[in-house]
Structure formats: C-alpha cells, structure tokens
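S.K.: Pasting a predicted model and its sequence here:
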Amino acid sequence: MPTIRSYSSLASPNSLPSSFLASIATLLKACKTQYHLLQVHAQIIQKGLEQDCFLVTQFICLCNTLSSLSYSTAVFDSVHSPSTFLWNTLIKGYCERSSFADTVDLFVRMKREEGVPDRYTYPSLVKACASEAKVWEGRAIHGTAVRCGVDGDVFVSTSLIDLYGKCREILCARKVFDGMSERNVVSWTAMVVGYASVGDLDEAHRLFDQMPQRNVVSWNVIISGFVKLGDLTNARRIFDQMPEKNVVSFTTMIDGYAKYGDMASARFLFDQAPNKDIVAWSALISGYAQNGQPNEAVKIFLEMSTRNVKPDEFIMVSLMSACSQVGCLQVAKWVDSYVSQSSIDVRQDHVHAALIDMNAKCGNMERATSLFDKMPKRDMISYCSMIQGLSAHGRGDQAVALFNKMLNEGLAPDEVAFTVILTACSRSGLIEEGWYFFESMRHKYHLTPSPDHYACMVDLLSRSGRLNAAYDLLQSMPMEPHAGAWGALLGACKLNGNIELGELVANRLFEIEPQNPGNYVLLSNIYAAADRWFDVSAVRDKMEEQGIKKIRVFLDPNLLVSSLQDVNDVLVAIDHVIDLGVASPSKLAVLGGSHGGFLTTHLIGQAQDKFVAAAARNPVCNLALMVGTTEVPDWRYAEAYGSEGQNSFTDAPSAEHLTLFQSKSPIARLEGQNTHPFTFGCSGSPCSSFYWVAICSGIERERSSCQSPVKVIVVVSQSPVCRPQSDFESFLSIGVWFKKYLS
C-alpha cells in the first residue's frame, strides 16, 4: 500500500503508474494532516485530474475534516460539472461545520445551477433544520422533497420525523410516519422520541410496544421518558426488561433516582454498571451533592480518582457544591488547588461561580474575593455567592455594599437575590437596610414577596426585639405564612420572655405542624423561664397525647474537624440547637474517643452544668502524662501553645512545659463538674493509630471528680475487649450509662 512518503516516486513523469487514479485515492486515505492533503491536491492538479468528480468528491470529503470549508468550496468551484454526489458531499460538510444560512444558500445554489437533489441530499438539509429548530425552513425543504419525488424514501422520511419531533410538531411527524410504506427501527425510534419529547408518554409507550424490533436506543428513549415524568417504577420495569443494557441505560436510571432522592438505588445501579463513563460518575456525584450527602460525593470523587478517571468541569462543579455544604476549609483549598492545576478552564462562568461559592461558604473570603474581582463579567449568581459568604461571616455591612454595587452595575435583582440580601440584613440586625430592600422589591422592581421573603423580615424584626411588629407583619401577609416564619418569632419570644405572644405563636404552629417537637419544647422553655411549672407540665402532657417524644442530642466530637472546631464552637452550636427547639437542655450527653475523648472531657469541664452524662473511650485527660507515651509528641505543644507550639517543641519537656500541659488539660477543669462521666480504656494498648494514653489518666480522672458518680472500666492488654469484635460490648455499656441518666 502506498504511503505519503511515496509521492515522489508515484508522481515522477517517467514512472507514472497505470493505476494512478486508484493510487491517488489510496493516498487520500493515508492523509492525516492538512499538509499531506495539500501535497496530494498538488499532484491531482499536476496530472490534470481536478475534473474527475469521483476523485474530487473523495478529496472534498477528507478536506471537510482536515481543512477549512473555504478550501473545500474552492476545490468544488473548480469543477465544471459537479455530480449530485459531489454536491451532497459539500452540503454535508456545510451542515456539520458551517451556519444554517450558509447551508441553505448552498442548496439554493445547487438548484439554481441545475443540480439534481436526490434521497441523500435531503437528510443532511433536514438534519441542519432540526439542529437549529428551523421548522418553517424544514417545511419548505419537505416541499421540495415532495416535488422531487423522494419524500417516500425511508431516510428522508425518518429525518423529517426527527425534525418535526424536535420542533414539537408531533402531528406533522405522525403524518409522515403513517405515510411511510417502509419503516425501519430508526423510523420507529424517531417517532417514539417525538412523542416522548412532547410528554405524550402513553402514545410513545404504545408505539414502543408495537415496534417489530427494538434497538438499545429505543429502549433508552422510553426509559428516559418515564424518568422525566418521575415515574421511576415504570422506568425500572422497562430497564429490567432490556435484553442488553449499555452505559446510557444505567446512567439514565442513576440520574433519575438521584433527581428524586433515592441515592441508595442510584448507587446500587452504579455499582452494577459495566464500563462506567464520565457521565455516569458525574450523575452519581451530583446526585449526592444535590441530596445533601456531600461526604458521599467526596468519597465517590476520590474513588473515581483512584481509577484514573479524569473529571470534567461538571464533576468539579458538583464536587465544589459538596464542599460548600461540608464547610471544611482544608477540603476547599485542596479542591481549589486541584482545579487550578487541571486542564479545566476556570474562566467558564459556571466553574468560576462554583469556586467563588465554595470558598465563600468555607470561610476563605480572601480567595473568594480574589476570584470575584478577576471575573471579566460578574453575574447574579457570583454576586449572590459573595453576599452569602459575607453574611455567613457576620459582614452584613459589606454584604449590603456589594448588593448596592451590583445594582449600580445594572443587574436587576430577582427573588433569589432579595432572599440573600434580606437574610444578610437579618443576621446582622440591619433593620433600616432590610426594610429598604423589602420595600424596593415590591415598589421599584415590582416583585411579589414570597413567604420566604416575609420570613426573613419576621426574623429581622424578631432578632431586633420588635416582636409585635413581626407579629403584625405575619398577620398582614397576603398568603399563609409558613412554619419557618412563625418559628422565628417563637424563638424570639423565648429569648425575650414574651409569654403572651409566645402562646399565640405556638398555638398557630401546633396547627401547622402538630408533630414537630421543637415547637412544644420552645413553649415549655418559655414557661419554665417564668417558673410556670404547671404550664410546663401541661405542654408535656400535650406532647404525650400527640405521641411526640423530645429529641435527645448526642454530640460526637470524633465527627468534628478539630483544627476548626474548638470547645467554644461546640457550645455555641449546642445553644443554637436548643434555641431552635429541637433538643431539650436537660437531656444532653456527649461521647468521644481518643482525641474525641480529649474534647469530651474538656466540654464537661468547661460547661459543668451543660451535659447530664458523658462517655470517653481512651480519653486524653492530662497532656503532662503523655510524655514518653505518645507517637505524636508535638501534638501536646500544639494544644498547649497553639500555633506557636511548633516553635516550643522538645523531646524533653521542662517543668514549665509540664505545668502548662497540666493547666491546658481537661483534668484541670474537672473539679466541681456535675456531669456523670464514663471512662473506658485499655492498659498498654494503643487507643488509635495516633495516641498512646496512659491508663493512669482514667484513674486520675476518677479521683478528680468528687461531685458526681464516675465509672471507669480498665481492661488489660490483649484482653478481648480491646479487639474490634468487642466494640459492641463497650458501646453497650455506654448505652446503659446514658440510659441511666437520660431516661
């Protein structure tokens, strides 16, 4: 077989092969670059073969791929009498690579120059109409096909069905379909797709059942139709009936389950899918992110990375959404760095906006601001992300200033933007600004406030102590207020001790959501603060009548990011949960192990009346006792000295260091605490892969707690209790301990 390098021998005037035409055609197949193409074209011209329609058609077909359409057109124009096949080749190239108008102009030129369209001309033209949704132009081309007598061809008719279906002219599509004397599986599938696209799934399903034969595309179309309607039961039934499934089949079902919140089924099918492509991974990751399971989204991304699957921008946007929900700064920085070092174009609007949103929500406002300032054109989404970030970090004044800047740039705020700025005003107590934006929403931008907007205003007034004004606003709403608005006012009644209004609001909430225990707990707390214990008892009796149980909160410090969440943050979070009414302040317990035990014992020492009971597994109670027993000795200095600990570290701590270790340890704050603690430890065993805890910590812990019952369990090294299969026994003991004091 000749190659590109054999040009010189083939083209030599003294050694021209007798089958030169066939050799040129073979050389065309070997062309890989535009340079090769130009060389072959030169030989065609040199040998006087530029009028050979068969050879020129092959050349233009390749030219459409390797070169520009202008070059293809120039070669075409040099042919005196182009064949229909040559016309069709150029028209197909225009359909694929040029504008719709240029394609139509070429077809008009073909008719003007007495070219004869055939059954291969029209499918390309109709496809161009379908891709641009040009239904009127498509009708005109349909008319010329009828006049040419090729409208009955199966390929022409199928392309027309596809056109009318995509343009939602389903009656026209059905008329073409019914007029076909011969139909193939593509024709049937196009008609099924048409009905599915207009939402007539009953007719689509009926046609699907009538199909003499089906391919994987027709199966996937009907499954996709059911998924779009939210009928996952029928979608799964059809899916299970498929004789052969491809990755599109699995991805369609995975995406459907994810959109309707059934992530367990989505993950099951994902695990069953063969040859998962990037779309399948994207469907699962975005599903977890959209359904409030950000940690699972991150896990799937890491699993994808281990399989050397490179993410695209859509996966990274979903991952950034998951990170925004987690709120972990370290993870956000890692994702930001990953995106910056990848081939993903961060200049794309959706990628840039997601980066801003992630950094803002994870607390890196400096990075978010830098990204925001670099945007060539800021949109509403990026502004809202920045305003939300500023609001979440207590920068209400800056949020208002940024919102005003957005208005000055000519962006008209929508309902979402007003929700964001009203929330910012509420969190920062900016009453005047909040009222201004609320009024401008109605009178300047002519937007009707939703219940969420009213709820923001109620919260703003409630936080500022203007409870009666908040109540009047609720009463004046043109629609029924939702529970969130009433709940904000009830929480404010508790903080301000307004019993009369609290009773009114609570009774309204009991009507809206009678099974929400938080409302009952809030009213009970209002009564308790006023020493109205008879009313407290009455509320509890009402809860029992409704079959409602109070929520007991078990806080596990092992789930917290220790470098970001200290004791004060935990206590603030607990107070917030109590204020929301979803937990009883008299039914709090805390559980932690290893470093979590360290935080647990700190919590019960610094908040001595907060927790009823506590349990610590292998806790670090005294940093001074960890000398010589820990695999990470510098950790003691980090806890004692903070960020300067790395500069103070030494393998042989001084007496001053030991004294500071002692003072920074939980053991220093245990005297007088009223929590009932339970300490569990193994003598001589590592409590984790990081820390060795001396058993004397537990004993010292017991001796330091004289105000309340203490339970310490010590097991020797190699005891079965230390092995994983006996973890159940330790947790069972903890459960018994909690039940004793929480019942």
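M.R.: Yep, that arrived.
S.K.: contacts and neighbour counts: CA atoms only from here.
M.R.: OK.
S.K.: Quick check: which element contains residue 615?
M.R.: Using DSSP states H and E, residue 615 falls within strand 613-617.
S.K.: So which residues of the stretch 501-650 of the chain form strands?
M.R.: 553-555, 588-593, 613-617 (DSSP state E, counting those that start in this stretch).
S.K.: close enough to count as contact, residue 473 and residue 456?
M.R.: No. Shown here, residue 473 and residue 456 do not form a contact pair, counting by Cα atoms under 8 Å, at 11.1 Å.
S.K.: Specify the helix with the largest residue count in the protein.
M.R.: Scanning the chain for the helix with the most residues, using DSSP state H, yields helix 727-742.
S.K.: Which other helices and strands does that helix contact?
M.R.: strand 613-617, strand 676-682 (3 or more Cα pairs under 8 Å, 6 or more residues apart in numbering; DSSP states H and E).
S.K.: ok and the shortest one relative to strand 588-593, angle-wise?
M.R.: Here strand 613-617 runs at 0 degrees with respect to strand 588-593, directions being taken by axes from the mean of the first three to the mean of the last three Cα atoms, to 10 degrees.
S.K.: Could you list every helix and strand in contact with strand 613-617?
M.R.: Checking 3+ Cα pairs under 8 Å, 6+ apart, strand 613-617 ends up next to strand 588-593, helix 595-606, strand 676-682, helix 727-742.
S.K.: could you redo the last one with a cut-off of 6 Å?
M.R.: Helices and strands touching strand 613-617, by 3 or more Cα pairs under 6 Å, 6 or more residues apart in numbering; DSSP states H and E, are strand 588-593, strand 676-682.
S.K.: by how many degrees do the shortest one and helix 595-606 diverge?
M.R.: What it means is strand 588-593. Using the same axes, to 10 degrees, strand 588-593 lies at 140 degrees relative to helix 595-606.
S.K.: How far does strand 588-593 sit from its chain's centre?
M.R.: Distance of strand 588-593 from the chain centroid (Cα atoms, centre = their mean, to the nearest Å) equals 32 Å.
S.K.: CA atoms of that strand as CSV?
M.R.: Provided in CSV are the C-alpha atoms of strand 588-593 (Å, rounded to 0.1, in the frame of the first residue of the first chain):
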residue,chain,number,x,y,z
LEU,A,588,-27.8,16.4,76.6
ALA,A,589,-25.0,13.8,76.5
VAL,A,590,-21.6,13.8,74.8
LEU,A,591,-19.5,10.8,73.6
GLY,A,592,-15.9,10.8,72.3
GLY,A,593,-12.9,8.6,71.8
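S.K.: Could you pull up the mean pLDDT of that strand?
M.R.: Throughout strand 588-593, pLDDT has a mean value of 81.
S.K.: The last one too?
M.R.: Strand 676-682 shows an average pLDDT of 54 in the prediction.
S.K.: got it, and stretch 269-277?
M.R.: Taken as a whole, stretch 269-277 carries a mean pLDDT of 90.
S.K.: got the buried residues for that stretch?
M.R.: For stretch 269-277, a neighbour-count test (16 or more other Cα atoms under 10 Å) marks 269, 270, 273, 276 as buried.
S.K.: Can you pick out the most distant pair from these?
M.R.: Within these, two members stand farthest from each other by Cα to Cα: 269 and 276, at 10.8 Å.
S.K.: returning to what we had before: tell me which of residue 473 and residue 456 has more neighbours.
M.R.: Between residue 473 and residue 456, counted using other Cα atoms under 10 Å, the more crowded position is residue 456 (26 against 16).
S.K.: ok, the more buried one - contacts?
M.R.: 422, 423 (Cα atoms under 6 Å, 6 or more residues apart in numbering).
S.K.: Could you say which helix or strand holds it?
M.R.: Per DSSP H and E: residue 456 is located in helix 451-463.
S.K.: how far does that helix sit from the chain's center?
M.R.: That offset, for helix 451-463, works out to 28 Å (Cα atoms, centre = their mean).
S.K.: and after that helix, which helix or strand comes next?
M.R.: Following helix 451-463 in sequence, per DSSP H and E, is helix 467-476.
S.K.: Only alpha carbons, please: show that following helix as PDB.
M.R.: C-alpha atoms of helix 467-476 as PDB (Å, rounded to 0.1, in the frame of the first residue of the first chain):
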ATOM      1  CA  LEU A 467     -41.900  41.200  68.400                       C
ATOM      2  CA  ASN A 468     -45.200  43.000  68.000                       C
ATOM      3  CA  ALA A 469     -44.100  44.400  64.600                       C
ATOM      4  CA  ALA A 470     -43.000  41.000  63.500                       C
ATOM      5  CA  TYR A 471     -46.400  39.500  64.500                       C
ATOM      6  CA  ASP A 472     -48.300  42.400  62.700                       C
ATOM      7  CA  LEU A 473     -46.300  41.600  59.600                       C
ATOM      8  CA  LEU A 474     -47.200  38.000  59.700                       C
ATOM      9  CA  GLN A 475     -50.900  38.900  60.100                       C
ATOM     10  CA  SER A 476     -50.700  41.300  57.100                       C
END
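S.K.: Please list the residues outside it that contact it.
M.R.: By Cα under 6 Å, 6+ apart, the surrounding residues in contact with helix 467-476 are 458, 461.
S.K.: Give me the buried positions along that helix.
M.R.: Residues of helix 467-476 classed as buried: 467, 470, 471, 473, 474 (neighbour count, 16+ other Cα under 10 Å).
S.K.: okay, now residue 376: neighbour count?
M.R.: Using other Cα under 10 Å, residue 376 has 9 neighbouring residues.
S.K.: what residues are up against it?
M.R.: The contact partners of residue 376, by Cα under 6 Å, 6+ apart, come to none.
S.K.: Let's verify it: helix, strand, or coil?
M.R.: With DSSP: H, G, I helix; E, B strand; the rest coil as the basis, residue 376 sits in coil.
S.K.: Tell me the spacing between it and residue 347.
M.R.: Separation of residue 376 from residue 347 (Cα to Cα, to the nearest Å): 9 Å.
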